[in-house]
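Student: Any chance you could fold what I've pasted below:
(4 chains)
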Number of protein chains: 2
Amino acid sequence: MNIYDIAKRAGVSIATVSRVLNHSPNVSQKTRERVEAVMKESNYTPNVFARGLGLNSMKMIGVLCTDVSDIFYAQAVSIIENNLRREGYHAILCCTGSEMKSKKKSIELLLSKRVDAIILVGSAFQEQFDHSHIEAAAKKVPVIIINGLIELPNTYCILCDEYKAVFQTVSSMLSGGCRKILYLYDTQTYSGMKKLMGYQDACGAFGIPYEQQIIQKVPKNLESVTQIVLESRDEEGRFPFDGVMASEDLLAIGALKALKGKKIPVVGINNSVLAECSTPTLSSIDNMLLSLCTTSVQILSQIFEDYTVPQKISYNAKLIERESFHPGEVNSPVLTPD
Amino acid sequence: MNIYDIAKRAGVSIATVSRVLNHSPNVSQKTRERVEAVMKESNYTPNVFARGLGLNSMKMIGVLCTDVSDIFYAQAVSIIENNLRREGYHAILCCTGSEMKSKKKSIELLLSKRVDAIILVGSAFQEQFDHSHIEAAAKKVPVIIINGLIELPNTYCILCDEYKAVFQTVSSMLSGGCRKILYLYDTQTYSGMKKLMGYQDACGAFGIPYEQQIIQKVPKNLESVTQIVLESRDEEGRFPFDGVMASEDLLAIGALKALKGKKIPVVGINNSVLAECSTPTLSSIDNMLLSLCTTSVQILSQIFEDYTVPQKISYNAKLIERESFHPGEVNSPVLTPD
DNA sequence: TTGAAAGCGGTACCAT
DNA sequence: ATGGTACCGCTTTCAA
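Tutor: Okay, here's the model as predicted:
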């Protein structure tokens, strides 16, 4: 069943059918109704491939993330997909993993599928040196980067100022009496480095010498984190820190588990469900994923409509207070053994 | 840059270029190399729309779930996407929400995009009565249903026997001494009903009368669950149950929070990260998502290769023991006030 | 308002 | 092994 069949049955030309299909105003009411009736009774669906061939678009957007099973990315993808569909686009999802080769290949495959744009979710797509693949992609379609900063033509970055958020949070921990704050992180992405800098600069601002900045890289795995934190205790079972800032909720919860209810402030980042699930509940920095993702899609539609859009948009994060840390509360500077 | 340009530059016909593109053996080594060289230097990418038009396929699979921000579905989608891509397919993701209308529309849209197959993730796609949309879809492309059972031609169901798992788990709670087990659930999907039946039948098998089966529907929201469970206490602060089975980890954690360390066995379902994050850690029924999803994609490729495949495949679930419940341990039949 | 016809860029069958 | 050519089904321009 194609446009020719419909034309024949309705007694018009294919051009007219096409006009009806595309809601062209240049069709008489009568003709339109007749054609539409035929289409309905024939159960006709236009062939998107043929249409795509003519228009060079199938209204599909490539959405990449390293791993949707990560609840943070899942949340992002969810929001993006919903917004895209509202705008009449479909999302092709690609979970690339963190290997450069795989990321490159996914982008190439997506481009070969002639997607209308590419959205990169997460700063994991910000490589240390080589952005040639992104540059190449941006030559063909607009590239949106969520939480990464790559300044290239036809590339648009939507970010959250996590540096500032961490800086402020660590600062308020320090002004609450903390002196040795453990910083836990897992990956060295762009976003990861920004957060770490926030921690370091806050420590610096409060005159905490570098030797007292306890920076610990850990695997993204609850038990490992707990283990590592437990092992950091001295012979008398004392933890060498009096506060914990973690680059992501899971790590913070690992620390909470090691602390077993001990009153040491702990803060995570992402404000995920995990934060609510832990006991005590975890205070966490909300990095405004909803805003970031919603904006991304907005920017995209504006690009498609040929508006001029900013190449970089930044949001502020905000701390969501839960049981594990209340800014303003003064913490005991004295550590008790376990 | 199209196949004609390449043909011209390489001094061959488009037929030959097409053959090179499709790795046809009927091309001389020399010609092949020449054409490939031209393609490379021209930076040529075949147009998938044209190809799709001819082959009526763009190697894309529609993957539907009600909500990827749900970590369970996110996990599923992640596994499916990875396996699909390995097979040379791309996944178009559609988060439909739970409204029938939206589900139907999503399926229609996907079909209009001429996907090669549809994968429905989760029994939320199993409606009470009307499966006409799925039937219609199955007339065009194979439909795979994960964790739902809809017996229709060209429809393939991959499920996990959650009934049995719940039956066994509740049974072992009962034989451990529990007498009044609270059952928490949120949605009445197919899978949801199966789980509930597992609970009821186990109670029945142990001679627990219906009046002592405490079945509570709750919103899928941590605080609400905790609140509701807390409110179930009598004037003396005693909980009216001595065990908790929940249809999903989040609900179980809500209960754990209400119990505040009280020694009452609690079990969830899904075996998600949440189960590890809670304190105490949550024993949970693993519903073999990895197997289900991997199998789905396998089945799909077999269908594409014209193999005969089973229409229904069922896996056993298994209980993952953590702190909140150890089968075999005898629980105190005496309840203490809070 | 309508129709005819030329693309769009491939695939695949039939000759040679 | 290679070329010619008829599709695939739609959009769009040009004429009428």
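Student: only C-alpha atoms for contact and neighbour calcs from this point on.
Tutor: Fine.
Student: Any residues of chain A in contact with DNA strand D? List them.
Tutor: By C-alpha under 7 Å from any atom of the strand, the residues of chain A that approach DNA strand D are A:1-4, A:14-15, A:18-19, A:21-22, A:45-48, A:50-51, A:53-55.
Student: Which among the residues you listed count as buried?
Tutor: Among those, those classed as buried by neighbour count (16 or more other C-alpha atoms under 10 Å in any protein chain shown) are A:3, A:14, A:18, A:21, A:45-48, A:50, A:53.
Student: Between these, which sits nearest DNA strand C?
Tutor: Taking C-alpha to the nearest atom of the strand as the measure, DNA strand C lies nearest residue A:53 of these, at 4.8 Å.
Student: For the closest one, pull up the helix or strand it's in.
Tutor: For residue A:53, the element it lies in under DSSP states H and E is helix A:48-55.
Student: Give me the mean pLDDT for that helix.
Tutor: Confidence over helix A:48-55 (mean pLDDT, whole number) is 95.
Student: Would you mind measuring from residue A:290 to residue A:196?
Tutor: Counting by C-alpha to C-alpha, to the nearest Å, the gap between residue A:290 and residue A:196 amounts to 23 Å.
Student: let me redo that: residue A:295
Tutor: For residue A:295, the distance to residue A:196 - C-alpha to C-alpha - is 26 Å.
Student: Same check on residue A:297?
Tutor: For residue A:297, the distance to residue A:196 - C-alpha to C-alpha - is 29 Å.
Student: do the same with residue A:84
Tutor: Residue A:84 sits 33 Å away from residue A:196, going by C-alpha to C-alpha.
Student: Ok, residue A:260 next?
Tutor: Distance from residue A:260 to residue A:196, by C-alpha to C-alpha: 25 Å.
Student: same thing with residue A:268?
Tutor: Distance from residue A:268 to residue A:196, by C-alpha to C-alpha: 13 Å.
Student: Could you do residue A:108 as well?
Tutor: From residue A:108 across to residue A:196, the span is 32 Å (C-alpha to C-alpha).
Student: Which of the two has more residues huddled nearby?
Tutor: Using other C-alpha atoms under 10 Å in any protein chain shown as the criterion, residue A:108 and residue A:196 rank with residue A:196 on top: 24 against 17.
Student: Which pLDDT value does the model give the more buried one?
Tutor: Looking at residue A:196, the pLDDT reads 97.
Student: next one: phi and psi at it?
Tutor: phi -60, psi -40 (degrees, to the nearest 10).
Student: show me what contacts it?
Tutor: For residue A:196, the contacting residues are A:163, A:166, A:183, A:247, by C-alpha atoms under 8 Å, 6 or more residues apart in numbering or on different chains.
Student: Just among the residues you listed, which is most surrounded?
Tutor: Ranking the contacts of residue A:196 using other C-alpha under 10 Å puts residue A:166 first, with 30 neighbours.
Student: where exactly do the helices run in chain A?
Tutor: Along chain A, counting by DSSP state H, helices occupy A:3-10, A:14-21, A:29-42, A:48-55, A:71-86, A:100-112, A:132-140, A:162-175, A:190-205, A:222-231, A:249-259, A:273-277, A:289-304.
Student: List of residues touching the fourth one?
Tutor: Residues from elsewhere that reach helix A:48-55 (C-alpha under 8 Å, 6+ apart): A:57-58, B:49-50, B:52-53, B:56, B:112-114.
Student: Going through those residues, which ones are buried?
Tutor: Here the buried ones among those, as counted with 16+ other C-alpha under 10 Å, turn out to be A:57-58, B:49-50, B:52-53, B:56, B:113-114.
Student: now residue A:71: how far from residue B:72?
Tutor: Taken as C-alpha to C-alpha, the span from residue A:71 to residue B:72 is 9 Å.
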